[in-house]
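> only geometry, no sequence info:
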């Protein structure tokens, strides 16, 4: 999940401060990170 948060912060920083447009590459990379985080944590059960 930390990777997803870092990617979002970087996208906002690069857009607002560095004036770089966010293109489809960022969206696809972010989606890949979200899917990877899902598969990494789907087997974890809380409690017990």
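Everything's here; your move. None of the values given here were measured: they were computed from a predicted structure.

> Test my guess that residue 11 contacts residue 30.
Yes - with contact defined as C-beta atoms under 8 Å, residue 11 counts as touching residue 30 (7.4 Å). (Glycine included, C-beta is placed from N, CA and C.)

> for this structure, what are the low-confidence residue spans?
1, 44-48 (pLDDT under 70).

> for it, which helix is longest?
helix 24-41 (DSSP state H).

> now for that one, which elements pack on it?
For helix 24-41, the packing partners by 3 or more C-beta pairs under 8 Å, 6 or more residues apart in numbering; DSSP states H and E come out as helix 2-16.

> I'd like to check the angle between the helix it packs on and helix 24-41, please.
160 degrees (axes from the mean of the first three to the mean of the last three C-alpha atoms, to 10 degrees).

> which outside residues touch helix 2-16?
20-22, 26, 29-30, 33-34, 36-37 (C-beta atoms under 8 Å, 6 or more residues apart in numbering).
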